[in-house]
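A.B. asks: Curious how this folds, go ahead:
(one chain, ligands or ions: 1)
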Amino acid sequence: MKKYIMALDAGTTSNRCILFDKKGQICSVSQREFAQIYPHSGWVEHDPYEIFNVMLGVARDAMQKIGAGPDDIASIGITNQRETTVVWNKNTSQPVYNAIVWQCRRTSQECSELEKQGWSEVIQQKTGLKLDPYFSATKVKWILDHVEGAREKAENGELLMGTIETWIIWKLTGGKVHITDYTNASRTMLFNIYDLKWDKDLLDLFKIPETMLPQVKGCSEVYGYTNPEFFGKEIAIAGAAGDQQSALFGQQCFKPGMVKNTYGTGGFLLMNTGSKPISSANGLVTTIGWSINGEITYALEGSVMIAGAVIQWLRDELHLIDSAADTEYLASKVPDTNGAYLVPAFTGLGAPYWNPYARGVFIGLSRGVNKNHMVRAALESMAFQANDVIRAMCADSGIEINTIRIDGGASANNLLAQMQADFSNISVVRPACVETTALGAAYLAGLAVGFWDSIENICENTQEDVIFTPLMDHDERERKLTEWKKAVSCANYLTTL
Ligand code: ADP
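C.D. replies: Sure, this is the predicted structure:
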C-alpha cells in the first residue's frame with residue numbers, strides 16, 4: 001500500500017522534499033540551500049551537479065526521517081524555479097556550463113537589440129511573453145555563443161538543454177528521459193503556446209538546434225522511473241510544473257477566474273483563464289497553467305518585483321523591526337498610515353507598469369508620521385501592488401474576480417490579508433496548508449498514478465481555510481486607491497527628471 005507522494009521543490013536558493021499523504025497533509029520535510037554564484041555584476045548561476053545532489057540528499061533525508069521506503073512512495077512530482085537553463089552533453093550527462101538563473105541579466109543587451117529590430121510583438125504573439133533576459137531563450141544562445149565548441153557540438157546533436165525539472169528528471173532516470181512539461185516549456189520564449197510546439201522561427205532567431213530540446217509532456221503523467229541506485233527501487237516520476245503554476249494548482253484554482261497570489265520576496269499572481277489563452281493589453285504575460293489528459297488550461301500572470309522584500313528592507317536597512325512577523329503587531333498599533341504611502345520600486349516597477357527605471361518613493365510625510373505608520377505603509381504597498389495586477393487581470397479577461405487565494409511567507413500576516421481584501425474588495429482565502437507549490441506538484445503526480453482519483457477527490461481532502469472579507473467602505477477605498485496611484489506616478493516621474 002503506497003502511503004505518500006514525494007514532491008521535489010527545486011527553488012532558487014534551496015531544494016526541498018515534502019512527503020504528502022492522501023489527505024494532502026505534510027508527513028516529512030527536508031530542505032537544504034545551495035550556492036548562488038555571481039561571476040559578474042548582474043550575473044547569477046547555479047552548479048547543476050549541486051542542484052541534483054542537494055535534491056537527492058533532501059529526498060533521501062525526508063524518507064529516512066519517517067522510515068519511508070521506496071515501496072511507500074506512489075510517485076514523484078517535481079516543481080521548479082522557472083526559466084533557469086542547463087545545457088549538457090547527451091552522452092556524458094556533463095553540463096557544458098553552469099545553470100544560468102532566471103534572475104541573470106547577462107543577455108540584456110541582446111534583448112534590447114532584438115527589441116529595436118521589432119521582435120517584441122512577434123515574441124508576444126507566439127509565446128505570450130515579454131521579450132526579456134528573464135526567459136530561457138537568450139540564456140541557451142549565450143551558452144552556445146560563449147562556451148568553446150558548444151555550438152558545433154549542439155549542431156552535431158551532442159548537446160541537450162533543459163530547465164531545472166528537465167535536468168532533474170534526466171539525472172533521476174539515469175539519462176533515459178529528456179522531457180519538459182507544458183508550463184516550463186511556456187517560459188522558455190521558444191515555445192508557441194497557441195500551436196503547442198517549439199517554434200521554428202524562434203529557434204532560427206536564437207540559433208538553437210531543435211535536437212537540443214526536450215519533448216514536451218503533460219503535467220500529470222508517468223514520464224519514467226528513477227534509477228534504482230537512488231532509492232533502492234524504481235519510483236515513478238509522474239508530475240511536473242513550474243513553481244507558480246504548481247502553486248496555482250496546489251491552491252485548487254481549478255476554475256476560470258480563480259486567482260492566487262504568492263507573497264514571497266516578490267509577489268506572483270496567476271489567474272486561471274480556462275481553455276483559451278488571453279493576450280494581455282495591460283502588462284501581463286500569457287502562460288500555460290497546466291495540461292492534464294491533453295487539455296490545456298491557460299493563465300494570465302503578473303509579477304510584483306518587491307513584495308516581502310520591502311519588509312526585509314525595513315528590517316535590514318532601516319532597522320525599524322527585528323523580524324518580519326513584528327510588522328503585524330506594529331502596524332496594528334495605528335489605525336492608518338497617517339497619509340504616508342510607500343512605493344517600493346527598488347528595482348523598477350513590474351506588472352502592470354513595466355518601468356525598469358522607476359525608483360522607490362515615500363510620500364505624504366508629516367511630522368506626525370511615526371515608525372508604526374511607516375511599517376503600515378510598507379504592508380499596504382504589498383496589497384496595493386497586488387491589487388494593481390488583479391485589476392489588470394480583470395481588464396484583460398473580462399472576468400470578475402471574487403476571491404483571491406494567498407500563500408508564501410508573508411501570507412501569515414493577517415493584517416496584510418485584510419488589507420488585500422479591503423483594497424481589492426474581494427475575499428481573501430488562506431488555505432490551511434500554505435506549502436501550495438509542493439502540494440501542486442504532489443497533486444499532479446498523485447492524479448497520474450491514481451493516488452487521487454480526480455480533482456473532486458483532491459477537493460474533498462481540503463482542510464479548513466481562513467477567509468478575510470472586505471470591511472472597508474467604498475469611499476475610503478477609492479480615496480486610498482487614488483492616492484496610491486499618485487504615489488506610483490511619483491515613482492515613475494523620478495525617471496523623467
Ligand atoms: P521566498 O520563497 O521568495 O524566499 P517566502 O515565501 O519564504 O519567500 O517569504 C519570505 C518573505 O516574506 C520575506 O521577504 C519576508 O520579509 C516576508 N515575510 C515573512 N513573514 C512575514 C510576515 N509575518 N509579515 C510580512 N512579511 C513577512
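A.B. asks: which parts of the stretch 201-350 of the chain sit against the ligand?
C.D. replies: 264-265, 308-309, 311-312, 324-325, 327-328 (C-beta under 6 Å from any ligand atom). Any C-beta I mention is one placed from the backbone N, CA and C, and that applies to glycine too.
A.B. asks: which intervals of this structure have sub-threshold pLDDT?
C.D. replies: For the chain, the stretches flagged by pLDDT under 70 are 496-497.
A.B. asks: what's the single longest strand in it?
C.D. replies: Longest strand in the chain, counting residues (DSSP state E): strand 295-304.
A.B. asks: What subset of the residues of the stretch 201-350 of the chain next to the ligand is buried?
C.D. replies: 264-265, 308-309, 311, 324, 327-328 (16 or more other C-beta atoms under 10 Å).
A.B. asks: Tell me which two in the residues of the stretch 201-350 of the chain next to the ligand are the farthest apart.
C.D. replies: 265 and 328 (18.2 Å; C-beta to C-beta).
A.B. asks: is it possible to export the buried ones among the residues of the stretch 201-350 of the chain next to the ligand to JSON lines including secondary structure and distance to residue 489?
C.D. replies: Listed next are these as JSON lines, based on DSSP: H, G, I helix; E, B strand; the rest coil; distance: C-beta to C-beta, whole Å:
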{"residue": "264", "secondary structure": "coil", "distance to residue 489": "27"}
{"residue": "265", "secondary structure": "coil", "distance to residue 489": "25"}
{"residue": "308", "secondary structure": "helix", "distance to residue 489": "25"}
{"residue": "309", "secondary structure": "helix", "distance to residue 489": "22"}
{"residue": "311", "secondary structure": "helix", "distance to residue 489": "24"}
{"residue": "324", "secondary structure": "coil", "distance to residue 489": "29"}
{"residue": "327", "secondary structure": "helix", "distance to residue 489": "26"}
{"residue": "328", "secondary structure": "helix", "distance to residue 489": "29"}
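A.B. asks: nearest to residue 289, of those?
C.D. replies: residue 264 (19.0 Å).
A.B. asks: Direction included, what does the helix or strand residue 28 falls within pair up with?
C.D. replies: If you go by DSSP states H and E, residue 28 is part of strand 26-33. The pairing partners recorded for strand 26-33 under DSSP bridges are strand 14-20 (antiparallel).
A.B. asks: how about the partner strand: buried residues?
C.D. replies: 15-20.
A.B. asks: thought residue 477 was touching residue 420?
C.D. replies: No: using C-beta atoms under 8 Å, residue 477 is not in contact with residue 420; the gap is 12.0 Å.
A.B. asks: Between the two, point out the one with more neighbours.
C.D. replies: Using other C-beta atoms under 10 Å, the more surrounded residue of residue 477 and residue 420 is residue 420, with 28 against 16.
A.B. asks: Confirm that the more buried one sits in a helix.
C.D. replies: Yes: under DSSP: H, G, I helix; E, B strand; the rest coil, residue 420 sits within a helix.
A.B. asks: can you pull the contacts of it?
C.D. replies: Contact analysis of residue 420 by C-beta atoms under 8 Å, 6 or more residues apart in numbering lists 261, 383, 386-387, 404, 406, 428, 468.
A.B. asks: Looking at these, which are in helices?
C.D. replies: Among those, the residues falling in helices (DSSP state H) are 383, 386-387.
A.B. asks: follow-up on the earlier one: next SSE downstream of the strand holding residue 28?
C.D. replies: Past strand 26-33, the next helix or strand by DSSP H and E is strand 45-46.
A.B. asks: got the contact list for that next one?
C.D. replies: 34-39, 84, 98-101, 104.
A.B. asks: Go through those residues and name the one nearest the ligand.
C.D. replies: Closest approach between the contacts of strand 45-46 and the ligand, by C-beta to the nearest ligand atom: residue 36, at 12.3 Å.
A.B. asks: Let's have the buried ones among the residues of the stretch 201-350 of the chain next to the ligand in CSV, adding distance to residue 54.
C.D. replies: Shown next, in CSV, are these (distance: C-beta to C-beta, whole Å):
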residue, distance to residue 54
264, 20
265, 20
308, 23
309, 24
311, 27
324, 25
327, 31
328, 33
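A.B. asks: Check the secondary structure at the most centrally placed residue in the chain for me.
C.D. replies: Most central in the chain under C-alpha atoms, centre = their mean is residue 244, positioned 3.4 Å from the mean C-alpha point. What three-state DSSP gives for residue 244 is helix.
A.B. asks: Distance of it relative to the ligand?
C.D. replies: 11 Å (C-beta to the nearest ligand atom, to the nearest Å).
A.B. asks: Quick check: phi and psi at the nearest residue to that residue once chain neighbours are set aside.
C.D. replies: Spatially, and ignoring its direct neighbours in sequence, residue 244 is nearest to residue 268 (4.8 Å; C-beta to C-beta, 6 or more residues apart in numbering). With angles defined as degrees, to the nearest 10, residue 268 sits at phi -120, psi 110.
A.B. asks: any idea how far residue 268 lies from residue 476?
C.D. replies: Relative to residue 476, residue 268 is positioned 28 Å away (C-beta to C-beta, to the nearest Å).
A.B. asks: Which single residue in the stretch 101-250 of the chain comes nearest to the ligand?
C.D. replies: residue 243 (8.8 Å).
A.B. asks: pretty sure that residue contacts residue 436?
C.D. replies: No: if you go by C-beta under 8 Å, residue 243 and residue 436 don't touch, sitting 9.9 Å apart.
A.B. asks: Just the buried subset of the contacts of strand 45-46, written out for ChimeraX, thanks.
C.D. replies: The following ChimeraX line selects those of the contacts of strand 45-46 that are buried, judged by 16+ other C-beta under 10 Å:
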select :34,84,98,99,100,101,104
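A.B. asks: which one among the contacts of strand 45-46 gets closest to residue 149?
C.D. replies: residue 98 (16.7 Å).
A.B. asks: got the contact list for that closest one?
C.D. replies: 37, 45-48.
A.B. asks: With residue 360 instead?
C.D. replies: With C-beta under 8 Å, 6+ apart, residue 360 has these contacts: 342-346, 491.
A.B. asks: Now, those residues that are in helices?
C.D. replies: residue 491.
A.B. asks: Figure out how far stretch 101-116 is from the centre of its chain.
C.D. replies: Mean-position distance between stretch 101-116 and its chain equals 20 Å (C-alpha atoms, centre = their mean, to the nearest Å).
A.B. asks: whoops, stretch 479-497 was the one
C.D. replies: Per C-alpha atoms, centre = their mean, the centroid offset for stretch 479-497 relative to its chain is 27 Å.
A.B. asks: Using CSV, write out every CA atom in it.
C.D. replies: Extracted in CSV, the C-alpha atoms of stretch 479-497 (Å, rounded to 0.1, in the frame of the first residue of the first chain):
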residue,chain,number,x,y,z
ARG,A,479,-9.7,57.6,-1.8
LYS,A,480,-6.8,55.3,-0.9
LEU,A,481,-6.5,53.8,-4.4
THR,A,482,-6.4,57.3,-5.9
GLU,A,483,-3.7,58.4,-3.5
TRP,A,484,-1.7,55.2,-4.2
LYS,A,485,-1.9,56.0,-8.0
LYS,A,486,-0.5,59.4,-7.3
ALA,A,487,2.4,57.8,-5.3
VAL,A,488,3.1,55.4,-8.2
SER,A,489,3.2,58.4,-10.6
CYS,A,490,5.8,59.9,-8.4
ALA,A,491,7.9,56.7,-8.6
ASN,A,492,7.6,56.8,-12.4
TYR,A,493,8.1,60.6,-12.5
LEU,A,494,11.6,60.2,-11.0
THR,A,495,12.8,58.6,-14.2
THR,A,496,11.9,61.7,-16.2
LEU,A,497,13.9,64.1,-14.1
